[in-house]
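In: Quick one, what's the 3D model for this:
(4 chains)
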Number of protein chains: 2
Amino acid sequence: MAQQTEPVRRTPLTRDRVLRAAVALADETGIEALSMRKLAQELGVVPMALYKHVANKEQLLDGMVDVVMSEIDPPAPGADWQGAVRRRVLSARRAFLGHPWAAQVLQSRTSPTPVVLAYMDSVIGMFRTGGFSVDLTHHVMHALGSRMMGITQELFDASPNPDPRPGSAAPQEDAGQFPYVTELAGAVAHDAGSVVGQGCDDQFEFEFALNLLLDGFERLRQQGWSSASRSRDNGR
Amino acid sequence: MAQQTEPVRRTPLTRDRVLRAAVALADETGIEALSMRKLAQELGVVPMALYKHVANKEQLLDGMVDVVMSEIDPPAPGADWQGAVRRRVLSARRAFLGHPWAAQVLQSRTSPTPVVLAYMDSVIGMFRTGGFSVDLTHHVMHALGSRMMGITQELFDASPNPDPRPGSAAPQEDAGQFPYVTELAGAVAHDAGSVVGQGCDDQFEFEFALNLLLDGFERLRQQGWSSASRSRDNGR
DNA sequence: ACCTGAACACCGTTCAAGT
DNA sequence: ACCTGAACACCGTTCAAGT
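Out: All right, here's what the predicted structure looks like:
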């Protein structure tokens, strides 16, 4: 008799709704807790229903990255190439920082989606119209690597394992074993001022490295560097 | 009657044997195919037996990274700081390139093992004895990031999806949509000479970026850069 | 033709029952 | 006390059976 045993789902499932729900779920519970089954449950749907909108989990992850990419500001016209690239990269960074899982997921993709390609195209275009040769642009894009997307794989922390539990193993043993690490960690913790524990300003570190690279690029451009001069070791 | 239903396993299971088997298995079958169960089977042992030597899979992965790290050459004495750092980083790179899974696994670790800390300590030491302040050394280590370990997250490829299947979708559609990407990809493929497909020299790209950074570091050191001069934007 | 419950072939890890 | 088979609580995805 009851045609519908469940309340009617008025908003039908679409690829877009699936992707947005996945992003929200990953934001809330972390990427490792995101499964096709949990996502389906969140949407009030049987797991198999998702497969009509995404071919498999890999495609789901691709789509989730695209959602994050859509939050990047469009490129602003004018300005020198350095300013343009820096602004675009920092805007991408803002988008990715809003979704802690996104950097890791992007790095796990095996090939870029059209949305990612479009972003890369715009960055490459900034170098080309800024006077970089195709050759130099190629190497410069490699040198930027994932920093082009505003992200860096932070490799733990410069300050190793800031385990907040007191009395955890060997604080002075480490001091003897790894004197330079200890010196650095100490200085960073001190530098942070009031609250110890956090330590260092990721945004500053990112911009420091970005500026260093962009300045290096400009120097090579001015020199008319080309890879034919490989033996000259970057002109050094 | 038969006390032993299986042939006697003369070499008893040790942490070391577990780790070496795991490295070998990952080398052969890829990291995604490495499971506790498959590893146990490879060792002719019940899965649970592994848990006496590693607490869980995370610890197994930590140990596997340490095995790779053990293949890095010890630091050679003498030489300027740039030569010392470059040689050490390139040696680490050689070790990691020998195990295609290793970079990804290292990046997935949440805190460094003592072996990794020791490596970092030696690199930090090279900057410090080379005349870098604690402050500058800190930022410089961040700027190096995973490149300190000789690895870079390559973010797909500069040349997008070199799908070797002919007739795959839209070669000229892309050319219109992403003109700069297309230009770059074309130049790279051409540059590679005889065989199209591979495209570009990862080792050259790595050294290009490394040298660019090391030169930037040296310039800042000479200037006596300190983070107190944050507003000066890396002295630009 | 569409939809989906059950099943398949896995996981990492726990735990109680065996020796 | 040690060891381990079976079980638990998951996965992503296939597929045949239902409507």
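In: can you tell me how far residue A:92 sits from residue A:120?
Out: 11 Å (Cβ to Cβ, to the nearest Å). All C-beta spots, glycine's among them, are computed from the backbone N, C-alpha and C.
In: Now do the shared contacts for the two.
Out: Jointly contacting residue A:92 and residue A:120 under the rule Cβ atoms under 8 Å, 6 or more residues apart in numbering or on different chains are residue A:148.
In: For the helix or strand hosting residue A:182, which helices and strands make contact with it?
Out: For residue A:182, the host element (DSSP states H and E) is helix A:179-191. Under the contact definition 3 or more Cβ pairs under 8 Å, 6 or more residues apart in numbering or on different chains; DSSP states H and E, helix A:179-191 sits against helix A:171-177, helix B:114-129, helix B:134-144.
In: May I see the buried residues of it?
Out: Using 16 or more other Cβ atoms under 10 Å in any protein chain shown as the test for burial, helix A:179-191 gives A:180, A:181, A:182, A:183, A:184, A:185, A:187, A:188, A:189.
In: Let me see the contact set for the first one.
Out: Yep, that's residue A:180 we're talking about. So residue A:180 contacts B:121, B:122, B:124, B:125, B:128 (Cβ under 8 Å, 6+ apart).
In: Please list the residues of chain A that sit near DNA strand C.
Out: Selection of chain A residues close to DNA strand C by Cβ under 7 Å from any atom of the strand yields A:46, A:47, A:48, A:49, A:52.
In: and if we set it to 6 Å?
Out: A:46, A:48, A:49, A:52 (Cβ under 6 Å from any atom of the strand).
In: Quickly compare the helices and strands packed on helix A:179-191 and say which is most buried.
Out: When the helices and strands packed on helix A:179-191 are scored by mean count of other Cβ atoms under 10 Å in any protein chain shown, the highest mean neighbour count falls to helix B:134-144 (a mean of 22).
In: who touches it?
Out: A:154, A:158, A:183-184, A:187-188, A:191, A:200, A:205, A:208-209, A:212, B:89, B:120, B:123-124, B:127-128, B:132, B:148, B:213, B:216-217, B:220-221, B:225-227.
In: And for stretch A:201-208?
Out: A:90, A:93, A:147, A:150, A:152, A:154, B:139, B:142, B:143, B:227, B:230, B:234.
In: try 7 Å
Out: Here stretch A:201-208 makes contact (Cβ atoms under 7 Å, 6 or more residues apart in numbering or on different chains) with A:93, A:152, B:139, B:142, B:143, B:234.
In: Ok, stretch A:76-92 next?
Out: By Cβ under 7 Å, 6+ apart, the list of residues contacting stretch A:76-92 reads A:72-73, A:75, A:122-123, A:126-127, A:130, A:147-150, A:210, A:214, A:218.
In: Identify, from the residues you listed, the entry nearest to residue B:35.
Out: residue A:149 (31.2 Å; Cβ to Cβ).
In: Go ahead and confirm the closest one touches residue A:104.
Out: No. In this structure, residue A:149 is not within contact of residue A:104 by Cβ atoms under 7 Å, at 12.0 Å.
In: Looking only at neighbour counts, state which of these two leads.
Out: residue A:149 (26 against 15; other Cβ atoms under 10 Å in any protein chain shown).
In: Look up the pLDDT of the more buried one for me, please.
Out: Note for residue A:149: predicted pLDDT of 97.
In: Name the nearest residue to it, ignoring sequence neighbours.
Out: residue A:92 (5.2 Å; Cβ to Cβ, 6 or more residues apart in numbering or on different chains).
In: Next up, phi/psi of that neighbour, please.
Out: The phi/psi pair for residue A:92 (degrees, to the nearest 10) reads phi -60, psi -40.
In: the inter-axis angle of the helix or strand encompassing residue A:91 versus helix A:114-129?
Out: In this structure, residue A:91 sits in helix A:81-97 according to DSSP H and E. Counting by axes from the mean of the first three to the mean of the last three Cα atoms, to 10 degrees, helix A:81-97 lies at 160 degrees to helix A:114-129.
In: which regions of chain A lie under the pLDDT threshold?
Out: A:1-10, A:157-175, A:190-199, A:229-236 (pLDDT under 70).
In: sorry, back to before: which is the succeeding secondary structure element to the helix holding residue A:182?
Out: Once helix A:179-191 ends, the next helix or strand along the chain (criterion: DSSP H and E) is helix A:202-223.
In: That next one versus helix A:114-129: what angle between them?
Out: Going by the same axes, to 10 degrees, helix A:202-223 is angled at 50 degrees with respect to helix A:114-129.
In: Show me which residues of helix A:202-223 are buried.
Out: Buried, per 16+ other Cβ under 10 Å, within helix A:202-223: A:205-221.
In: and chain A, what are its domains?
Out: With domains defined by automatic domain parsing, chain A comprises A:15-55, A:69-154+A:200-234.
In: Next one: the shortest one, is it in contact with DNA strand D?
Out: Yes. Against DNA strand D, domain A:15-55 shows contacts by Cβ under 6 Å from any atom of the strand at A:35, A:36, A:37, A:38, A:47, A:48, A:51.
In: The last one now?
Out: No. Applying Cβ under 6 Å from any atom of the strand, one finds domain A:69-154+A:200-234 separated from DNA strand D by no less than 12.8 Å.
In: For residue B:28, state which of the contacts of stretch A:76-92 is nearest.
Out: Closest approach to residue B:28 among those (Cβ to Cβ): residue A:149, at 32.5 Å.
In: Would you enumerate the residues in contact with the closest residue to residue A:121 other than its chain neighbours?
Out: With Cβ to Cβ, 6+ apart as the criterion, residue A:121 has its nearest non-adjacent residue at 4.2 Å, and that residue is residue B:178. Contact analysis of residue B:178 by Cβ under 7 Å, 6+ apart lists A:117, A:118, A:121.
In: same thing but 10 Å
Out: Listed by Cβ atoms under 10 Å, 6 or more residues apart in numbering or on different chains, the contact partners of residue B:178 are A:112, A:114, A:117-122, A:124-125, B:160, B:184-185.
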